[in-house]
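Participant: 3D model of this:
(chains A and B)
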Amino acid sequence: MALYRAGRGSDRLPARRFLETFTVASPGASALDIRYLDIISSRDTSIHRLDPRAKLLTTLAYIVAVASFDKYTVTGLVPFVIYPVVLIALGDVPVAYLLRKAMLAAPFALFVGIFNPLFDREVLLHVGSVPISGGWASFLSIMLRFTLTVTSALLLVATTGFNGVCVALEKLGAPKAFVVQLLFLYRYLFVLGDEATRLTRARSLRTFDGRGMGIRVFGSLAGQLLLRTLDRARRIYLAMLCRGFDGEVRQAGSLRFSKGDLVYTVWWLGLFILLRVYDITHLAGSVVMGLAG
Amino acid sequence: MHMADALMSPAVGGTMWAATAGLTVYSARKLKQEIDDRKVPLMGVLGAFVFSAQMINFTIPATGSSGHLGGGMILAILLGPHAAFLAMASILTVQALFFADGGLLALGCNIFNLGFFPCFVAYPLIYKPIAGDRPTEGRILAGALASAVLGLQVGAFGVVLETFFSGLTALPFGTFVLLMQPIHLAIGIVEGVVTALVVILVWKARPEIVEMAGPSRAVAAGSWRGVLAGLLALAVITGGALSWFASAYPDGLEWAMFRTSGKEELEAPGGEVHSVLAQLQQWTAFLPDYGFKAEEVPTASKEGPKRDAAKHSPAERWPAVSAETSVAGVVGSGITLAVAGLIGFGLKGRWRSRR
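Facilitator: You can find the predicted model right below:
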């Protein structure tokens, strides 16, 4: 569940922590990160203008296609970079930001994957004269899968926006109660995130030599935040009732799955099938080697 | 700990998606029956609360490392199992989309591991009986501790099983269990203490919230039957689907089509594409020097998934790769990446000039 992974040990100097609190390294930075993703998602490019359903379906198909490869596949996965590359280019998404965000999620795949070279030592293939074990091949495969699936999921939000994804989910049959509270969660994430940042900052300013960073103080901080949250939820609910809330969130404008959306979806699905069936990488490599030899 | 897409096979991911989708529909329906739409905004706001509470780190005694709240148990205690499950599902959805924690294919697994177990197993079976309808400080602490530990243990074991059945890791089952369970015992204890501290504080300040939120009718006989029936159905679906997917696994593509379209109609055009591609494949097979692997082409699974499975056993496929084809693979990867990059820059340039 690690959302904020920066270790904040008790050995830091108060002054340094003070500085950190007010620079990008503070816990609040990740909330700003969401905000930045949210800002990117409201750009107006040809990818952003597509129907959210087209993008959601394509992304899911892409991830399933990538995951469906055999555990030792490395080269077969390489051509799949074309999907994130095209989306980054057409959707005008900053690459460095995307990769930094993707790396934050790496630890678990890395943790499990790194055992493969230890347990699977049988030599699987030779590149030139260098023997490569099955473990390293499958580790490479896992890291490649990780990069591809994570960037494609981030790109979905970066080009569709959270509301768009929610609308697509609802149109594709997700329960209304689920979608409605998903929208609520997203809206209040920013407000409560700010509040948590203020609490953390206040605690940091009063903390010396790691005292007060413990579990007890956290308990009362989180409890206070929860009490405020509950009051806020009640006020919100009453305000919504006054405005005629009946359990449904209405979206302005209607979705239209146009011919362009259909072409987009069919084109990608077709390409995924082609890349899944044919190892383009090997073909390209063999042709070039053939010409060179 | 979140499952990651990179460690998943589509079969396991799809099965868990189906199970989670079923649970979501069930929970949403239950919530509707309670006619308590007051809970919907509350759920959303509490979901946001769990996020923001995760932003507040704390040091774990005697280790010097820092931890933060998971949140499943707090939600279950404050909202009751059904609403908490939906809230947890939406938290994990946001994490998958915005933090790339887990991933979209693994989302089903994560919701199941971190939502189902705390809300539908640990809460009604452990927390409720211990804390009871008239909680005391000690009871809340004991209940939260026990239920958080159990919930995380089962959840971690779920991660192990899902990873193991996906077959991408070379970790032996036993070793993986020995790695995961103790780590999550520690995490569970911390989570339990934090949950208890927060719930006790709220209970002291506003006792009605804790006592009202999880009314005993939530675990009345009727809803229990529902949960049991759901579990049974789930077991049957999981067992059946798993064995079917397992045999059809090498041909992930048909399955992908089925999964994304939700109906078999696409199968027919898919089959045509296949036969066209199969012809293309025959043509390329005339260029044997290119080291093109014939076994790579999945045949239509209708003819018999078992035969496919036999054909695709990795033991048979991989040793056949010669050194030249491997070098070709490395060269080809470079070329493919370069081409993809060029396409990217080309598209970007076009976009810029158009703007």
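Participant: Show me which residues of stretch A:205-219 are buried.
Facilitator: A:207, A:210, A:212-213, A:217-219 (16 or more other C-beta atoms under 10 Å in any protein chain shown). (Each C-beta comes from the backbone N, C-alpha and C, glycine too.)
Participant: now, which of these lie close to chain B?
Facilitator: Contacts with chain B within the buried residues of stretch A:205-219, counted by C-beta under 8 Å from any C-beta of the partner chain: A:210, A:213, A:217-219.
Participant: Mind telling me the two of the buried residues of stretch A:205-219 farthest from one another?
Facilitator: Farthest pair in the buried residues of stretch A:205-219 (C-beta to C-beta) is A:Gly210 and A:Gly219. Separation: 16.8 Å.
Participant: mind giving me the domain split of chain A?
Facilitator: A:17-174+A:256-293, A:175-199+A:219-245 (automatic domain parsing).
Participant: and those as a markdown table, adding mean pLDDT?
Facilitator: Below are the domains of chain A laid out as a markdown table (pLDDT from 0 to 100):
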| stretch | mean pLDDT |
| --- | --- |
| domain A:17-174+A:256-293 | 84 |
| domain A:175-199+A:219-245 | 85 |
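Participant: Tell me which of those domains lies nearest to B:Ala89.
Facilitator: Of these, nearest to B:Ala89 by C-beta to C-beta is domain A:175-199+A:219-245, at 6.6 Å.
Participant: how near is the residue nearest the centre of chain A to chain B?
Facilitator: Nearest to the mean C-alpha position of chain A, counting by C-alpha atoms, centre = their mean, stands A:Leu154 at 4.0 Å. Look at A:Leu154 and chain B: by C-beta to the nearest C-beta, to the nearest Å, they are 5 Å apart.
Participant: Can I get the domains of chain A in CSV including distance to B:Ile335?
Facilitator: Conversion of the domains of chain A to CSV gives the following (distance: least, C-beta to C-beta, whole Å):
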stretch, distance to B:Ile335
domain A:17-174+A:256-293, 5
domain A:175-199+A:219-245, 42
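Participant: A:Ala153 reaches A:Leu60, doesn't it?
Facilitator: No - contact between A:Ala153 and A:Leu60 fails when scored by C-beta atoms under 8 Å: they sit 9.7 Å apart.
Participant: Common neighbours of those two, please.
Facilitator: Common neighbours of A:Ala153 and A:Leu60, using C-beta atoms under 8 Å, 6 or more residues apart in numbering or on different chains, are B:Leu104.
Participant: More neighbours: these two, which one.
Facilitator: A:Ala153 (29 against 20; other C-beta atoms under 10 Å in any protein chain shown).
Participant: so what's the more buried one closest to, chain neighbours aside?
Facilitator: Spatial nearest neighbour of A:Ala153, chain neighbours left out: B:Leu104 (5.1 Å); criterion: C-beta to C-beta, 6 or more residues apart in numbering or on different chains.
Participant: The one you found is in what secondary structure piece?
Facilitator: Counting by DSSP states H and E, no helix or strand carries B:Leu104.
Participant: What score does it have for pLDDT?
Facilitator: Per-residue pLDDT puts B:Leu104 at 88.
Participant: What distance do you get for it to B:Ala96?
Facilitator: 6 Å (C-beta to C-beta, to the nearest Å).
Participant: what touches both of the two?
Facilitator: A:Ala153.
Participant: Where does the residue nearest to the centre of chain A sit, in terms of helix or strand?
Facilitator: Using DSSP H and E, A:Leu154 falls in helix A:134-160.
Participant: surely A:Ser152 meets A:Val85?
Facilitator: No - A:Ser152 lies out of contact with A:Val85 (C-beta under 8 Å); the separation is 10.9 Å.
Participant: wait, A:Phe139 sits on A:Asn116?
Facilitator: Yes - with contacts counted by C-beta under 8 Å, A:Phe139 reaches A:Asn116, the gap being 4.5 Å.
Participant: Pull up the gap between the residue nearest to A:Ala153 and B:Met55, please.
Facilitator: Distance from B:Leu104 to B:Met55, by C-beta to C-beta: 24 Å.
Participant: ok, now A:Ile280?
Facilitator: Relative to B:Met55, A:Ile280 is positioned 44 Å away (C-beta to C-beta).
Participant: and what of B:Tyr123?
Facilitator: Applying C-beta to C-beta, the value for B:Tyr123 to B:Met55 is 25 Å.
Participant: Between these two, which is the more surrounded one?
Facilitator: Neighbour tally, B:Tyr123 and B:Met55, criterion other C-beta under 10 Å: the higher count belongs to B:Tyr123, 28 against 24.
Participant: Over to that one. Which of the three states is it?
Facilitator: Classification of B:Tyr123 using DSSP: H, G, I helix; E, B strand; the rest coil returns helix.
Participant: is the helix ranked longest in chain A up against chain B anywhere?
Facilitator: When chain A is parsed with DSSP state H, its longest helix is helix A:176-205. Yes - under the criterion of C-beta under 8 Å from any C-beta, chain B is reached by helix A:176-205 at A:176-178, A:180-189, A:191-193, A:195-197, A:199-200, A:203.
Participant: Tell me the buried residues within those residues.
Facilitator: Buried among these (16+ other C-beta under 10 Å): A:177-178, A:180-189, A:192-193, A:195-197, A:199-200, A:203.
Participant: Now the stretch 1-150 of chain A against chain B: closest residue?
Facilitator: Distances between the stretch 1-150 of chain A and chain B by C-beta to the nearest C-beta are smallest at A:Ser68, namely 2.6 Å.
Participant: repeat for the stretch 101-250 of chain A
Facilitator: A:Phe184 (2.3 Å).
Participant: For that residue, which non-adjacent residue is spatially closest?
Facilitator: Closest to A:Phe184 by C-beta to C-beta, 6+ apart is B:Gly44, at 2.3 Å.
Participant: Next up, the contacts around the one you found.
Facilitator: Contact analysis of B:Gly44 by C-beta under 8 Å, 6+ apart lists A:180-185, A:187-188, B:87, B:90.
Participant: One more: A:Ile236?
Facilitator: B:41, B:45.
Participant: Quick one: classify it as helix, strand or coil.
Facilitator: A:Ile236 - assigned by three-state DSSP - is helix.
Participant: can you check B:Phe51 too?
Facilitator: Criterion first, three-state DSSP; result for B:Phe51: helix.
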